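> A structural model of the following input is requested.
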Amino acid sequence: MTEAPDSDAGPRTRVLWLSTTAFTLLFAVWLMLGVLGVRVRDELHLSPAQFGWLLATAILAGSLPRLHFGIWADRYGGRLVLTLLLLGCAVPTALLAWATTYPELLVCAALFGLAGNSFTAGISWVSAWYPQRSKGTALGVFGAGNVGAAATKFLGPVILAAVPAAGFFGGLLPGGWRFVPVAYAVMLVGMAAAVWFLSPRPDRCPGRGRTTRELLAPIRHARVWRFSLYYVMVFGAYVALAAYLPRYYVDVYGLPLATAGYLTALFIFPASLLRPLGGWLSDRYGPRAVTYTVFVTMAAALAVVSAVDPGPWGFTALMVVVGCGMGVGKASVFKYVPDYFPRDVGAVGGLVGMLGALGGFVLPPAFGALGRATGSPQAAFLALLGLTLASLGWLHLAVRRLTAAARATPAAEPVAA
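Model prediction:
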């Protein structure tokens, strides 16, 4: 694959910032029920099971189709796919403000939940425009858009407090929690216009003219599933801990829920904002060295948490270390994708992203089940330690095999494991 000429610096920078802004907004929309859910539940008198399925519907809608969205972005271009996704999510997002029954809520959640698939569409788009030498940094900057989830946690309550419950214009514009999806819908339409009219043309479509069979061929490689395990550890576990930690602080340390939320944010922000640093380090030193360091660091911190109770402040410090590792690791893992599959970033990134997101869906109930079965809330961290060691072990085994193959054929071009 030929590298993009330096004359493309301006257009590719536009692609990076447009895609990152769109992803930040769509990620916030995808997880907005995490902020609005309690208000929705109380107003519509939802049972715990109904509320759980409502959250699950949005998460699964943004996880399961990721492979398809990555392939579509490769084939038709990220500009078109992201524009349609922004416009398509704007409608159910706005309709959520007028939902009055549980079935209506479920339909809206299933449709605006598609916003979560913006990750693989954006990864494909950014990768198509950036040269190999700087893909890691660019993908890291793009991936930092998952800070949109944290932005929603902070802005949502502010909006809810500022908007009158009766709304505006005699109730034509709803108030309370129902104002938030309307505001998001307006921003989605504006962002769709920005992506469509400000993106460089013609777009780059590395999958154009290739059959679906050809585009899906790379997912048969074992290393794609290895990268997926890594991503479950650095992204799926990040999503799971973001949901699990507030309750852990309350149950184990007896902290108020507001304090628990702020301490959880200390984990969330580095796990999101350090992604560009992870991309830059991967460009400079290679994804293998960075991912090794990430897993060793995370394993050390999780081993301490699993073995002893360090107290609330020691626990928070160790979770910040884990969050830093996850933030850097999310970028280093995705740097592997264009290194090995430069023409199939959409398909491979789609599968890796899908399994990582599903990890975030499966792990929280697994944590709860482990805690109940063992009687120890620390069991969740012991399970994460096991996953980290499994990921590290598989990485080390792959490196040893590649090293042995390189020694057997000295003329072969070295590759990063």
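> tell me which residue is most central in the chain.
By CA atoms, centre = their mean, the chain has its centre lying nearest to Asn146, at 5.6 Å.
> any idea whether that one is helix, strand or coil?
Here Asn146 takes the helix state, with states given by DSSP: H, G, I helix; E, B strand; the rest coil.
> so, low pLDDT: which residues of this structure?
1-7, 149-172, 409-417 (pLDDT under 70).
> can you list the domain ranges for it.
The chain breaks down by automatic domain parsing into domains covering 1-209, 218-410.
> now stretch 337-354, how far from the centre of its chain.
Taking the mean C-alpha point of stretch 337-354 and that of its whole chain, the gap between them comes to 15 Å (CA atoms, centre = their mean, to the nearest Å).
> please apply the same query to stretch 357-377.
Once both centres are worked out by CA atoms, centre = their mean, stretch 357-377 turns out to sit 19 Å from its chain's centre.
> and if you look at stretch 41-50?
Distance of stretch 41-50 from the chain centroid (CA atoms, centre = their mean) equals 27 Å.
> next, the buried residues of it.
Arg41, Leu44, Leu46 (16 or more other CB atoms under 10 Å). Glycine gets a C-beta too; all of them are placed from N, C-alpha and C.
> kindly reformat these as JSON lines containing distance to Thr93 and secondary structure.
Written out in JSON lines, the entries for those read as follows (distance: CB to CB, whole Å; DSSP: H, G, I helix; E, B strand; the rest coil):
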{"residue": "Arg41", "distance to Thr93": "19", "secondary structure": "helix"}
{"residue": "Leu44", "distance to Thr93": "17", "secondary structure": "helix"}
{"residue": "Leu46", "distance to Thr93": "19", "secondary structure": "coil"}
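> mind listing what Ala58 touches?
Each residue near Ala58 by CB atoms under 8 Å, 6 or more residues apart in numbering is listed here: Trp30, Leu31, Leu33, Ala109, Ala110, Phe112, Gly113, Gly116.
> go on, Gly329?
Applying CB under 8 Å, 6+ apart, the residues contacting Gly329 are Tyr230, Met233, Val234, Gly278, Val290, Thr291, Val294, Phe295, Met298.
> which residues are in contact with the last one?
Just to be clear, that refers to Met298. Contact analysis of Met298 by CB under 8 Å, 6+ apart lists Met233, Val321, Val322, Gly325, Met326, Gly329, Thr388.
> how close does the first one get to Leu363?
Here the criterion is CB to CB, to the nearest Å. By it, Met233 lies 10 Å from Leu363.
> looking at these two, which is more packed in?
With other CB atoms under 10 Å as the criterion, Met233 and Leu363 differ in neighbour count, and Met233 comes out ahead with 27 against 23.
> my read: the more buried one touches Ser391, true?
Yes: at 4.9 Å, Met233 counts as touching Ser391 under the criterion of CB atoms under 8 Å.
> what sits in contact with each of the two?
By CB under 8 Å, 6+ apart, the residues touching both Met233 and Ser391 are Phe295.
> in the stretch 101-250 of the chain, mark out all the strands, start to finish.
Assigned by DSSP state E, counting those that start in this stretch, the strands in the stretch 101-250 of the chain number zero.
> out of the contacts of Met298, which end up buried?
Met233, Val321, Val322, Gly325, Met326, Gly329, Thr388.
> now, which of those sits nearest Cys205?
Comparing the buried ones among the contacts of Met298 against Cys205 with CB to CB picks out Gly329 as the nearest, at 29.6 Å.
> let's verify that closest one: helix, strand, or coil?
Here Gly329 is recorded as helix under three-state DSSP.
> which residues sit in contact with Gly78?
Contacts here follow CB under 8 Å, 6+ apart; on that basis Gly78 touches Val15, Ser19, Ala121, Gly122, Ser124, Trp125, Val126, Ala128, Asp203.
> how near is it to Phe142?
Using CB to CB, one gets 10 Å for the distance from Gly78 to Phe142.
> pull up the overlap in contacts between these two.
Joint contacts of Gly78 and Phe142 (CB under 8 Å, 6+ apart) are Ser19, Gly122, Val126.
> neighbour-wise, which of those residues leads?
Of all those, Gly122 has the most neighbours under the rule other CB under 10 Å, reaching 31 neighbours.
> from memory that residue sits against Ala22, does it?
Yes: contact criterion CB under 8 Å: Gly122 and Ala22 qualify, at 7.0 Å.
> which one of the contacts of Gly329 is nearest to Leu67?
Checking the contacts of Gly329 against Leu67 by CB to CB gives Tyr230 as the nearest, at 17.2 Å.
> setting aside sequence neighbours, what's the nearest residue to Arg226?
In space, not counting the residues next to it along the chain, Arg226 is nearest to Trp394; the distance is 5.6 Å by CB to CB, 6 or more residues apart in numbering.
> how many other residues sit next to that neighbour?
Neighbour count of Trp394, defined by other CB under 10 Å: 18.
> which SSE is it in?
For Trp394, the enclosing helix or strand under DSSP states H and E is helix 379-408.
> list the buried residues in that helix.
Of the residues in helix 379-408, those buried under the neighbour-count criterion (16+ other CB under 10 Å) are 379-385, 387-389, 391-392, 394-395, 402.
> how about stretch 287-298?
Neighbour counts over stretch 287-298 (16+ other CB under 10 Å) mark Pro287, Arg288, Val290, Thr291, Tyr292, Thr293, Val294, Phe295, Thr297, Met298 as buried.
> which among the residues you listed gets closest to Ser199?
When the buried residues of stretch 287-298 are ranked by distance to Ser199 (CB to CB), Pro287 comes first, at 28.1 Å.
> settle this for me: that closest one is touching Asp339, isn't it.
Yes: applying CB under 8 Å as the test, Pro287 and Asp339 come out as touching, 6.7 Å apart.
> which one of the buried residues of stretch 287-298 is nearest to Val348?
Pro287 (13.7 Å).
> quick one on the thing from earlier: from the contacts of Gly78, which land in helices?
In helices, judged by DSSP state H, the following of the contacts of Gly78 are found: Val15, Ser19, Ala121, Gly122, Ser124, Trp125, Val126, Ala128.
> please name the nearest non-neighbouring residue to the first one.
To tie it back to what came earlier, the one meant is Val15. Here the nearest residue to Val15 in space, its sequence neighbours aside, is Trp129; by CB to CB, 6+ apart that works out to 4.6 Å.
> from Tyr285, how far out is the one you found?
Noted for Trp129: a distance of 23 Å to Tyr285, by CB to CB.
> so for those two, which residue has more residues nearby?
Between Trp129 and Tyr285, Trp129 has the larger neighbour count (other CB under 10 Å), namely 22 against 14.
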